[in-house]
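Chemist: here is a sequence together with a model predicted from it:
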Amino acid sequence: MEIYAFNQGMSRLWLPQKLLLIMKLVIIIFIASLMQVSAAGFAQKVSLNEKSASLESVFKKIRTQTGYDFVYDSKLININKRVSLDLRNVDLENALSRILDGQGLAFEIKDKVIVLSKKAPSFIDKLVSKFNFIEVSGRVLDETGKPLPGATVKVKGKNISAVTDKNGRFFISGAAVDDILVISYVGYLSAETVVKSIQEADLSIRLKLITGNLEEVTIVNTGYQKLSREKVTGSVTTIGSTELEKRNSTNIMQNLEGLVPGLVQTRLRTTIRGLSTFDNTMRGILYVVDGLPIEGGINQINPYDVESVSVLKDAAAAAIYGARASNGVIVVTTKRAKALGKTEIEVSGNISITQKPDYSYQNWMTPAQQVDYESKYYKWWFGGGGNGGRVIANPIGDFESTIASSSFITPIAYAYYQQKKGTINQAQLDAVLNDLKKNDFLAQYKDNAIQTGLTQQYNFALRTNNGKNQNSLVVNYTTFNNGGNNNTTGGVANGTNLALINSFTKTLNLFYKGSYNVGKWLDLDYGVNSVIGKIRTHNSEFANDPSNVPAYYKLLNDDGTRAYYYTGRFNGYNAINNETSSALASFKFNHLDELGRDFNNNSTLNTRYYVNLNLKPLQGLTISPMFQVEDGRSTSSTYSEAESYTMRILQNVYTTRTGTAGNYVYTNLLPKGGKMTTAQYKSANYTARAQANYNREFGKHGVIALIGTEFRQTLTNAGTRGVLLGFDDQLQTQSTNQVNFGTLYNINNGTMWDANYPTRQYHFGQISSMALDPRETKHRYGSGYANITYSYDRKYNLFGSARKDYADLFGGDEKYRGRPLWSVGASWIASNEDFIKDIKLINYLKVRGSYGLTGNIKNVTAFLAATTGTNPVTQLPNASVSNPPNPQLRWEKTATTNIGVDFAILDNRLKGAIDWYRRLGTDLFANKRLDPSEGFTSMTINNASMVNKGLELSLGYDWFRPTFRGGFEWASNLTGSLNNNKVISVDELTRNPFTLATGGSFKVGYPVASIFAFKFAGLSATGVPQFYNAAGQPTTASLGPNDADAIAYMGNEDPKYNLALNNDFSYKGFSLSVFAIYQGGNYFRARQVPIGYISSSYNQTPSFVLDGWSPTHTNTDVPASGQFYQVPLNNQYYYADNLVRSADFFKIRNVVLGYLLPREIASKIKASNLRLRLQIDNPNIVWYKQKDIRVDAETGGARIPTSFVFGLNANF
Amino acid sequence: MMMNMKKILSFAAMILIAFLSGCAKFTDITPKGQNLLNRASDLDLLMNVNFSGSAYDHLRQTLLINDNYLLAENVPNVISGVQSINKILLTYDQTGDRAGLTATDSRYEGLYATISKVANIVITMGDQASGDVQLIKQLKAEAYILRAFLHYRLVNIYAKAYDPATAATDGGIPYVNDIVFDKVNDKKTVKEVYDNLLADLDAGISSGALPNQPKNSMRIGKGFAYGVKAQVLLSMRNYPAALEAANEALKYNSTLEDHRPLLAINPISARLLNRVGISAADNVFYAFSNNFDPSILTASPEVLTNYEAGNIIKDRTETYNYFYGQLYVGLTNSPAWLAINYQGNSAGMTTSDLILMKAECLIRTNKINEGMDEVNRIRIRRIDPANYVALSATTEEQAMGYLQKTSRIEFIFTIRNFINIKRWNREGKYQQTITRTVNGKTYTLAPDSKLYVFPFPQSATQFNETLTQNY
């Protein structure tokens, strides 16, 4: 224990108190001198040297020395009160005073007899004791000088205690000089300090951590209140900044992976303890930042500025969020200035380099394979077909009519056509084919259009704290050379990093927050956080995707110039290409050209403002009004240059032609120039909350309670979309007013080169995207809530909460509009019991249990109302009634039971928690069927239920603890969770197997995210896929309602088990962390759906086509393409069981090597701390349970590419 | 301490109560973008229904009467495959469990949806709505006609055709005319349904509020109102009254589609059929399944025999394509109709309906020549002038024979053929036995086959016990 006198930071505000203390001191000295006077006149001298002696033994010694006898009632003597003193030749009176001081005894000397009696406090005594009770104030800090909020400060032997506030500050009135203060805080060694005199009225007490390396977060922030972990009865996992900062990420959720048992992140969704609702739109986790819920999303949080993240999992933890808590709550607390009287500066920079996508996961044909495959097809086709396939009666005629249309024609098809016509010979044909085989479009695209991913993150934080006023300014700038084309479908596998040239994502996050301590009765928090985002993506319909041309094309010619070709929408052999007129634009295409001409620029500005007041009118009581506004703006502008392919095609399709060949007259219906499309919308959300917290200890009793009310409004303003045609960016001119949209709309099908071209379908939307989008939506929520934690003797805690929520369930019966939600919990800190205290093995043991209700809501109207739309045929606005009135509409309800144990054993080496839970969701929104003559086939009402049962485990073990500073250290941390999800009741909507297979329906007894599949029964003798019907017979027909039982349950799409193992090593300044994860027990549709291709396709073509059925190749499950192609009878193969595989996988997620530079080096740049980091994300250390398909089980596509992160962090 | 706690708790409770009453008020807001259906203009928007999609998909009905085969489904495979509704309809299997195979039916669901969510709401809410009184009157009139039209379609699919002798006992369909969504809609008899149809038509027409020409062909004007009335009366075999209604309807539109201009285009491959669905001049009311109806449908060889020599579409254009027919349905003698720019009015009403109804009424009231003139008004616009000869008849039977053949082609691939054949079959006099030959095997559909009555889907019968099947 160290006690530091604290003299700095005494501000002028404290002066009156100081004066008061001086006055008290003067009075005390004066009274003491009076007593001194009255004690004179006695001459018996006593010498004593005692250490912790009993009074009786002291009395005996006095009797021996003086011959005076003692008379007293033995009940007056407290044998536990021992005496320590050293007296030399002190007169008797004085000695007795010293001995009896603090014993509550008075004495009287009568004729060599000393009579002891109970001390009746005199007026003066009372006065003295009154003045002796000074107000003690101080701060509790950790070893590094950070304040510890929530620490308990008790006066030993008195019923006086206090809890430190968020600055670690406490005030105690009623303590006296020489009283002992006991300061305790979970996870830290308790400390004692004596109140010596007024000089120590502003104490600074430092606590030491009980154990070394794994920093345990001991304050649980639920967003509504901060509780010491000891008092919590619910299931909460809190991750502190030390743990979060072990690895670098761009998103705080990535930092949480593997650290929170029960928090499962997959490509499909992020869940806390499984799915709790059927409705996909109601599955969002509630994010709370610095106490208030935010709408902006977790990506608005700067990951460098997070102090801690608490994941609230059970009802006792989350019920205070009431009707939005069913999906779990994540509470983020941002950093604040800690060190007192010091300016902290932190600078960090990280650069990540991410590999280009690995197209091998797409399983496409190589260029040579595609050339051979196509050659074979056209050889057969121009040969008149037949031979087991369909007959091509008139190949030349058919082909020439294709040339006259806009349908694509590959150079191979054209070469075979020329050979058939006799314009080229076989040798020339072979030469064409051989040339094409040398090309590799994909490789060129990868080299020239895709960049290695480069993410740069810079973070600067400036924090000051003078004890009265705190200020933080945090600036984060992140730039990424990728416009967000990841995980799109267009030919790119899931999980791929597609950093296309000329695109970027830039984010600037500015956060200022401050707090001002007006007095001990009031402080104030305020802040502004702005996130400014700019994203540039490509607008071209074709250039983003290298798969939309055949593999044997070339992007660049051999001399490096750009090659030109046509998209699949046009063929270059059509006669229109021979026409030359300024009215016509070129149809030629090159991916790289378009990646420089056609951009979408999106800019967002999201700002959050907040002010919180903390009023402390009485000891233990805090009243906090809070107010937060979130203001979101988004503007998107898409500029397609006049030269862009988008505009060239628009110009051509909206050009009419009159006259005869050779003398055509063209009329452009669109003004020449570019196109600017804009879209903007705004949102404004606010939350207002007023809350009273009460926190006091009365002896062994402790009460923490809160009561409050909250009003929220979310508002998305109506957005507008507009388009400017004939736009010129340089001149800033446009000529949209010349456009006759009615005329253009009337061109439904047909262009001058192809009478069947679907002009309206492809293009009208591109020039007329004027709309109100989104429509204005406003939602309001109002709630009242309260909770109380009662604790006794630091062993037993009882908890209860209640909340009532109202939402704008429009038209709903008022009785259902508000719903009371409540929870109860209890915990027992067994390790504080005397009978366990003595067991050396157990350092900490806590058992807790809770039960409670949380809710979820769908914002649907309960009233008969219609939504407005547009009749696409008449183009007139219309309205349609989408749901029948449902006045009984109410909140979904999830009842959670949780039982958990927290423990630390073996000298705190092994620490962990185990939780068991059962979450029963009732009144869940699901469809209930009606006779369709009511107008509705079903209505969404609260009529389904489901259950999630699970186990969660987290374990940490210190293998090696350092024996000296910088010594070898190794700690492991394991988290695991098991969840079983099951539908208990639902109106089983259909007996139709297809609906079940496509996930449009649920089945009682199976998980919500079940994968159901048709049982594949091989290809028939004619190559048609067959599936087993309910009777177990193979059939090629579509299965109907009678075959509902023929469909097989394959498993849950969501993982059943999640395990994560993190190992941290450190030695000297070096540290190494390895994060590994395992997900399993789930399934996914792993295989590419083997479908036949009727002819050659103008794409990168999947290689399974080569394995297609033919009369001579029947040992396959891939239907035939080309010659033997048959139109599929149904889409059942898309949902066949032979495509499904186990999704179990193990991955090393991150390897982080850190180095803390020696102080001597750091100090050369005036840094107090200088840390270097090398991190490898997603190294190719993976294991999949299924081995036969080249697919990543995590993404369902390509493996997440490896990234290398170089980081630097400095503190000043 | 207890005192303290008590005080705090009661203070807390007081605050809570005060705030909770505020919450209820705070959350009582009217959302934007929601049409509250209480103004004339709100109801007008409701009437802008998009009459397209699966509710107007009558392929099962046209498959039954052998106008066409399945939509892009291999016919031999379906016939050799497991039991399915399509297999029953292809093979005229009287024994198949159709109700068991009909889990849902988009016609039943879709047509009733418009009745309940549009017509009945306009009729019910109209009286309370504020705004233009004349507009409300018009909207209600439109809604009455719409309700009659949709019920007429439903009763013709799910019940026997109207027979004056048995209509009072033949099972019909629910006639839904309220907006009480949780009350079971009882099945009515065929007669009750037709009584309701006439009552609704009268309510709509007698208000006088219907426009002469609706603002577009998905809205209802006088022409359509009288057209529906003519259909209902024709079904009830009241030919004089039906004639009167058809003549009334023709006052508002009598323009027929004419195929002869196609002949001026050369080469033949350039003779592309073109019809802009919503604005076609012959529309009386426009409704369809796909906007390329009837493209991709394949005609049966049997229905093709009804084409007269020199028919412009069949013989003078490349609309019918045997290659694609084989690709779609696996049969070499069934050509696919390919004309994606031809947006046929497959489920609404055109002037052809009016003309042919007029013709039938004339023929059956002994005005055979006048009736044949009307039939020829259609034929002359369909047949190459080089081949065209005006037809005349001496007997009602002969005239009806010409009319049935012309009508079959005029309404090929549409619900009209099903309704007409079913009507004539019930009557007995002009009944037809339909045959279908697939790969050498012939299937026969008797005129009184119960297959003409389609099963109520399970999605309805499970929730409405009055819905016993009508076959």
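Modeler: Everything's here; your move. Numbers count the residues shown, from 1 in each chain, chains lettered A, B, ... in the order given.
Chemist: may I ask which helix or strand of the chain has the lowest mean pLDDT?
Modeler: Just going to use chain A. strand A:2-5 (a mean of 35; mean pLDDT, DSSP states H and E).
Chemist: nope, chain B please
Modeler: Min over SSEs of chain B, mean pLDDT, DSSP H and E: helix B:2-26 (a mean of 62).
Chemist: give me the contact status of the longest strand belonging to chain A with chain B.
Modeler: With secondary structure taken from DSSP state E, chain A has its longest strand at strand A:674-698. Yes: using C-beta under 8 Å from any C-beta of the partner chain, we find that strand A:674-698 touches chain B at A:Ala692, A:Tyr694, A:Phe698. In this view, the C-beta of every residue, glycine as well, is placed from N, C-alpha and C.
Chemist: any weak-confidence spans in the stretch 101-250 of chain B?
Modeler: For the stretch 101-250 of chain B, no stretch has pLDDT under 70.
Chemist: for the helix or strand encompassing A:Asn94, which helices and strands make contact with it?
Modeler: Secondary structure assignment for A:Asn94, by DSSP states H and E: helix A:92-100. Using 3 or more C-beta pairs under 8 Å, 6 or more residues apart in numbering or on different chains; DSSP states H and E, the elements in contact with helix A:92-100 are strand A:45-53, helix A:55-66, strand A:83-91, strand A:105-110.
Chemist: re earlier: closest to A:Lys246 out of the residues of strand A:674-698 next to chain B?
Modeler: Closest approach to A:Lys246 among the residues of strand A:674-698 next to chain B (C-beta to C-beta): A:Tyr694, at 37.5 Å.
Chemist: I'd say that closest one and A:Ser624 touch.
Modeler: No: the criterion here is C-beta atoms under 8 Å, and A:Tyr694 misses it with A:Ser624 at 11.7 Å.
Chemist: which of the residues of strand A:674-698 next to chain B are buried?
Modeler: A:Ala692, A:Tyr694 (16 or more other C-beta atoms under 10 Å in any protein chain shown).
Chemist: export the residues of strand A:674-698 next to chain B to TSV and tack on pLDDT?
Modeler: Converted to TSV, the residues of strand A:674-698 next to chain B look like this (pLDDT from 0 to 100):
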residue	pLDDT
A:Ala692	91
A:Tyr694	89
A:Phe698	83
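Chemist: in the helix holding A:Asn94, what's buried?
Modeler: A:Leu92, A:Glu93, A:Asn94, A:Ala95, A:Leu96, A:Arg98, A:Ile99, A:Leu100.
Chemist: just to revisit the earlier point, reformat the residues of strand A:674-698 next to chain B as CSV; add distance to A:Ser880.
Modeler: Below are the residues of strand A:674-698 next to chain B laid out as CSV (distance: C-beta to C-beta, whole Å):
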residue, distance to A:Ser880
A:Ala692, 48
A:Tyr694, 52
A:Phe698, 63
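Chemist: nearest to B:Lys87 among the residues of strand A:674-698 next to chain B?
Modeler: A:Ala692 (72.5 Å).
Chemist: specify the beta-bridge partners of that closest one.
Modeler: Beta-bridge partners recorded for A:Ala692 (DSSP bridges): A:Ile623, A:Ile707.
Chemist: roughly how far apart are it and A:Asn787?
Modeler: 12 Å (C-beta to C-beta, to the nearest Å).
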